[in-house]
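# give the three-dimensional model of this entry:
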Amino acid sequence: MDREVFFPSGELRLHGRLFVPAAPTGACVICHPHPLYGGSMDNNVVMALTDHLAGAGLATLRFNFRGVGASTGSHHGTKGESEDARAAARYLMTETGRSTTALAGYSFGAAVILGFASEDFASCLVAVAPPLAMMAGGLPEQPGRPVLLIAGDADPYCRSGDLDQLYRRLNTGSKVIVLSGADHFLMGREDEIGQAAAAFLTD
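Residues are numbered from 1 along each chain as shown. Next up, the predicted model:
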(Lines give C-alpha, C1' and ligand atoms only; values in the text may rest on other atoms or scores of the structure.)
Protein backbone atom coordinates (compact mmCIF):
# COMPACT_ATOMS: atom_id res chain seq x y z
CA MET A 1 0.00 0.00 0.00
CA ASP A 2 1.31 3.44 -0.84
CA ARG A 3 1.77 6.25 1.65
CA GLU A 4 1.60 10.02 1.56
CA VAL A 5 4.96 11.77 1.33
CA PHE A 6 6.35 15.28 0.97
CA PHE A 7 9.78 16.04 -0.49
CA PRO A 8 11.70 19.18 -1.53
CA SER A 9 12.15 20.65 -4.98
CA GLY A 10 14.47 23.58 -4.35
CA GLU A 11 12.58 25.79 -1.91
CA LEU A 12 9.26 24.14 -2.73
CA ARG A 13 7.55 21.21 -1.03
CA LEU A 14 5.96 18.62 -3.30
CA HIS A 15 3.20 16.18 -2.39
CA GLY A 16 3.24 12.56 -3.56
CA ARG A 17 2.28 8.96 -2.93
CA LEU A 18 5.11 6.46 -2.47
CA PHE A 19 5.02 2.68 -2.71
CA VAL A 20 8.09 0.59 -1.91
CA PRO A 21 7.68 -3.21 -1.85
CA ALA A 22 9.87 -5.39 0.35
CA ALA A 23 12.16 -6.33 -2.55
CA PRO A 24 11.52 -3.95 -5.47
CA THR A 25 12.39 -5.18 -8.96
CA GLY A 26 12.88 -1.56 -10.08
CA ALA A 27 11.65 1.95 -9.46
CA CYS A 28 9.62 4.47 -11.44
CA VAL A 29 8.54 8.09 -11.06
CA ILE A 30 5.18 8.86 -12.71
CA CYS A 31 4.48 12.41 -13.97
CA HIS A 32 0.97 13.76 -14.56
CA PRO A 33 -0.66 15.81 -17.37
CA HIS A 34 -0.70 19.60 -17.68
CA PRO A 35 -1.35 21.38 -14.36
CA LEU A 36 -3.34 24.17 -16.02
CA TYR A 37 -5.82 21.71 -17.53
CA GLY A 38 -6.69 19.71 -14.45
CA GLY A 39 -3.69 17.38 -14.44
CA SER A 40 -2.72 15.82 -11.13
CA MET A 41 -1.27 12.65 -9.66
CA ASP A 42 -4.85 11.31 -9.41
CA ASN A 43 -5.30 11.28 -13.20
CA ASN A 44 -6.75 8.04 -14.58
CA VAL A 45 -3.72 7.17 -16.75
CA VAL A 46 -1.27 8.03 -13.94
CA MET A 47 -3.21 5.80 -11.57
CA ALA A 48 -3.24 2.93 -14.06
CA LEU A 49 0.51 3.20 -14.57
CA THR A 50 1.07 3.30 -10.82
CA ASP A 51 -1.16 0.31 -10.10
CA HIS A 52 0.30 -1.92 -12.81
CA LEU A 53 3.92 -1.02 -12.06
CA ALA A 54 3.43 -1.58 -8.34
CA GLY A 55 1.70 -4.87 -9.14
CA ALA A 56 4.79 -5.89 -11.13
CA GLY A 57 7.00 -5.31 -8.08
CA LEU A 58 8.37 -1.84 -8.83
CA ALA A 59 8.68 0.95 -6.29
CA THR A 60 6.55 3.87 -7.52
CA LEU A 61 6.28 7.57 -6.80
CA ARG A 62 3.45 9.63 -8.28
CA PHE A 63 3.44 13.26 -7.27
CA ASN A 64 1.89 16.65 -7.92
CA PHE A 65 3.93 19.23 -9.79
CA ARG A 66 4.40 22.63 -8.15
CA GLY A 67 1.15 24.49 -7.56
CA VAL A 68 -1.04 21.38 -7.83
CA GLY A 69 -2.96 20.09 -4.82
CA ALA A 70 -0.84 20.21 -1.68
CA SER A 71 2.40 20.96 -3.60
CA THR A 72 3.61 24.50 -2.98
CA GLY A 73 4.60 27.06 -5.61
CA SER A 74 2.93 27.81 -8.95
CA HIS A 75 3.07 26.50 -12.49
CA HIS A 76 6.34 27.45 -14.17
CA GLY A 77 6.31 25.66 -17.50
CA THR A 78 8.44 22.72 -18.56
CA LYS A 79 11.64 24.05 -16.91
CA GLY A 80 10.22 24.29 -13.39
CA GLU A 81 8.34 21.04 -13.67
CA SER A 82 11.49 19.34 -14.98
CA GLU A 83 13.18 20.33 -11.73
CA ASP A 84 10.25 18.81 -9.85
CA ALA A 85 10.65 15.53 -11.73
CA ARG A 86 14.38 15.50 -10.99
CA ALA A 87 13.60 16.08 -7.31
CA ALA A 88 11.10 13.20 -7.40
CA ALA A 89 13.72 10.93 -8.97
CA ARG A 90 16.28 11.86 -6.30
CA TYR A 91 13.75 11.22 -3.56
CA LEU A 92 12.68 7.83 -4.95
CA MET A 93 16.28 6.71 -5.41
CA THR A 94 17.08 7.71 -1.82
CA GLU A 95 14.04 5.85 -0.50
CA THR A 96 14.90 2.69 -2.43
CA GLY A 97 18.70 2.82 -2.28
CA ARG A 98 18.89 2.64 -6.08
CA SER A 99 21.21 4.67 -8.30
CA THR A 100 18.76 4.86 -11.22
CA THR A 101 15.03 5.04 -11.79
CA ALA A 102 12.67 4.75 -14.71
CA LEU A 103 10.42 7.70 -15.50
CA ALA A 104 6.90 7.55 -16.89
CA GLY A 105 4.72 10.44 -17.95
CA TYR A 106 1.40 11.13 -19.60
CA SER A 107 0.84 14.09 -21.96
CA PHE A 108 2.62 17.09 -20.37
CA GLY A 109 4.35 14.64 -18.04
CA ALA A 110 5.64 12.75 -21.07
CA ALA A 111 7.03 15.98 -22.53
CA VAL A 112 8.88 16.61 -19.27
CA ILE A 113 10.53 13.19 -19.09
CA LEU A 114 11.53 13.12 -22.76
CA GLY A 115 14.09 15.74 -21.78
CA PHE A 116 15.73 13.26 -19.38
CA ALA A 117 16.96 10.59 -21.80
CA SER A 118 20.60 11.64 -21.36
CA GLU A 119 20.42 12.00 -17.55
CA ASP A 120 22.54 9.42 -15.69
CA PHE A 121 19.72 8.60 -13.28
CA ALA A 122 17.17 7.78 -16.02
CA SER A 123 17.31 4.05 -16.73
CA CYS A 124 14.47 4.14 -19.27
CA LEU A 125 11.37 6.17 -20.14
CA VAL A 126 7.68 5.50 -20.73
CA ALA A 127 6.08 8.38 -22.64
CA VAL A 128 2.29 8.13 -22.98
CA ALA A 129 0.63 10.48 -25.49
CA PRO A 130 3.54 12.93 -25.67
CA PRO A 131 2.17 16.20 -27.14
CA LEU A 132 4.79 16.31 -29.89
CA ALA A 133 2.78 18.77 -32.00
CA MET A 134 2.99 21.35 -29.20
CA MET A 135 6.59 20.86 -28.08
CA ALA A 136 8.58 24.00 -28.84
CA GLY A 137 11.87 23.46 -30.62
CA GLY A 138 10.79 20.27 -32.36
CA LEU A 139 11.31 16.69 -31.31
CA PRO A 140 13.77 16.14 -28.46
CA GLU A 141 17.03 14.27 -28.89
CA GLN A 142 16.96 10.84 -27.24
CA PRO A 143 20.49 9.48 -26.78
CA GLY A 144 21.24 6.33 -24.89
CA ARG A 145 18.02 5.32 -23.14
CA PRO A 146 15.36 2.83 -24.23
CA VAL A 147 11.97 4.51 -24.52
CA LEU A 148 8.44 3.11 -24.71
CA LEU A 149 6.11 5.36 -26.69
CA ILE A 150 2.34 4.83 -26.36
CA ALA A 151 -0.26 6.91 -28.20
CA GLY A 152 -3.65 6.65 -29.85
CA ASP A 153 -3.98 6.87 -33.62
CA ALA A 154 -6.69 9.53 -33.19
CA ASP A 155 -4.58 11.83 -30.98
CA PRO A 156 -4.32 15.30 -32.59
CA TYR A 157 -1.42 16.27 -30.31
CA CYS A 158 0.67 13.19 -31.11
CA ARG A 159 0.32 12.64 -34.83
CA SER A 160 1.54 9.36 -36.29
CA GLY A 161 4.17 11.07 -38.47
CA ASP A 162 5.71 12.86 -35.51
CA LEU A 163 5.62 9.68 -33.42
CA ASP A 164 7.30 7.66 -36.18
CA GLN A 165 9.97 10.34 -36.60
CA LEU A 166 10.78 10.24 -32.90
CA TYR A 167 10.77 6.43 -32.77
CA ARG A 168 13.33 6.20 -35.60
CA ARG A 169 15.74 8.21 -33.46
CA LEU A 170 15.43 6.08 -30.34
CA ASN A 171 17.99 3.74 -28.83
CA THR A 172 17.98 -0.02 -29.36
CA GLY A 173 15.42 -1.66 -27.10
CA SER A 174 12.85 1.07 -27.60
CA LYS A 175 9.28 0.29 -28.60
CA VAL A 176 6.22 2.10 -29.93
CA ILE A 177 2.61 1.05 -29.29
CA VAL A 178 -0.23 2.68 -31.23
CA LEU A 179 -3.71 2.20 -29.77
CA SER A 180 -6.33 1.94 -32.49
CA GLY A 181 -9.24 4.37 -32.12
CA ALA A 182 -7.81 6.09 -29.03
CA ASP A 183 -7.56 9.87 -28.70
CA HIS A 184 -5.40 11.97 -26.37
CA PHE A 185 -7.48 11.19 -23.28
CA LEU A 186 -7.19 7.39 -23.65
CA MET A 187 -10.42 6.65 -21.80
CA GLY A 188 -11.02 2.94 -21.48
CA ARG A 189 -7.45 2.08 -22.50
CA GLU A 190 -5.84 2.56 -19.10
CA ASP A 191 -5.25 -1.13 -18.37
CA GLU A 192 -3.63 -1.69 -21.78
CA ILE A 193 -1.27 1.19 -21.07
CA GLY A 194 -0.41 -0.01 -17.57
CA GLN A 195 0.18 -3.57 -18.72
CA ALA A 196 2.42 -2.43 -21.59
CA ALA A 197 4.46 -0.21 -19.27
CA ALA A 198 4.88 -2.98 -16.69
CA ALA A 199 5.99 -5.46 -19.36
CA PHE A 200 8.51 -2.96 -20.78
CA LEU A 201 10.03 -2.10 -17.41
CA THR A 202 10.30 -5.71 -16.21
CA ASP A 203 11.49 -7.30 -19.47
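
# could you measure Glu11 against Ala87, distance?
Look at Glu11 and Ala87: by C-beta to C-beta, to the nearest Å, they are 11 Å apart. Any C-beta I mention is one placed from the backbone N, CA and C, and that applies to glycine too.

# those two: which is more packed in?
Ranked by neighbour count (other C-beta atoms under 10 Å), Glu11 and Ala87 place Ala87 first, with 19 against 7.

# next, give phi and psi for the more buried one.
Per-residue torsions, Ala87: phi -60, psi -40 (degrees, to the nearest 10).

# who's the nearest residue to it once chain neighbours are set aside bridged to?
Closest residue to Ala87 apart from its sequence neighbours, by C-beta to C-beta, 6 or more residues apart in numbering: Ser9 at 3.7 Å. Following DSSP bridges, Ser9 is listed with bridge partners Leu12.

# and Ser9, how close does it get to Arg189?
As defined by C-beta to C-beta, Ser9 lies at a distance of 31 Å from Arg189.

# strands along the chain, start to end?
Applying DSSP state E to the chain gives strands spanning 3-9, 12-19, 26-31, 58-63, 101-106, 122-128, 147-152, 175-179.

# dump the ones you listed into TSV; add distance to Gly77 as well.
Listed next are these as TSV, based on distance: least, C-beta to C-beta, whole Å:
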stretch	distance to Gly77
strand 3-9	14
strand 12-19	15
strand 26-31	14
strand 58-63	18
strand 101-106	15
strand 122-128	18
strand 147-152	23
strand 175-179	27
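
# Leu114: which of those is closest?
Closest approach to Leu114 among those (C-beta to C-beta): strand 122-128, 5.7 Å.
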